[in-house]
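This is a predicted model, with the sequence first.
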Amino acid sequence: PEGVIARYLTIGSATADVIDATAPWSSGTGHNLRAACTGELCEWTSHGPEFWFDAAQNPRDDDDYRSAIRRLQAAAQSHAEKCRALPRPTA
């Protein structure tokens, strides 16, 4: 899906995703990196770990940005190894 840069399959067959998104700020657009789970009623469904970066930062040249991606990937993989939530119904 759009914005997903890493995806890990959970024990319950949902996914733990690392998502690169943008969000409008009053001064422009800010970069947002976050992790979320597609499992029904999983605590990560609505709020997993996340990092925010100023719009002026160039993600490809920013060590903090790359570090945040690595940290989110490790967190999402760890979550996927333990989460037993089933995928949300699509109907």
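Noted; the coordinates are in hand.

Could you export the strand or helix carrying Ser78 as CSV, CA atoms only?
Per DSSP states H and E: Ser78 is located in helix 63-82. Only the C-alpha atoms of helix 63-82 are listed here, as CSV (Å, rounded to 0.1, in the frame of the first residue of the first chain):
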residue,chain,number,x,y,z
ASP,A,63,20.9,10.4,9.8
ASP,A,64,18.1,10.8,12.4
TYR,A,65,15.5,9.9,9.7
ARG,A,66,17.3,6.8,8.6
SER,A,67,17.9,5.8,12.3
ALA,A,68,14.1,6.3,12.9
ILE,A,69,13.3,3.9,10.0
ARG,A,70,15.7,1.3,11.4
ARG,A,71,14.2,1.6,14.9
LEU,A,72,10.6,1.4,13.6
GLN,A,73,11.5,-1.7,11.5
ALA,A,74,12.9,-3.4,14.6
ALA,A,75,9.9,-2.5,16.6
ALA,A,76,7.4,-3.6,13.9
GLN,A,77,9.3,-6.9,13.5
SER,A,78,9.3,-7.5,17.3
HIS,A,79,5.5,-6.7,17.4
ALA,A,80,4.8,-9.1,14.5
GLU,A,81,6.5,-11.9,16.3
LYS,A,82,4.1,-11.5,19.3
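
And the contacts of that helix?
The contact list for helix 63-82, computed with Cβ atoms under 8 Å, 6 or more residues apart in numbering, reads 5-6, 8-11, 15-18, 20, 31, 33-35, 37, 44, 48-49, 51, 53, 57, 59. Yep, even glycine has a C-beta here, placed from its N, CA and C like the rest.

Out of these, list just those in strands.
5-6, 8-9, 15-18, 20, 31, 33-35, 37, 51, 53 (DSSP state E).

Now for those: which two are most distant?
Leu9 and Phe53 (27.9 Å; Cβ to Cβ).
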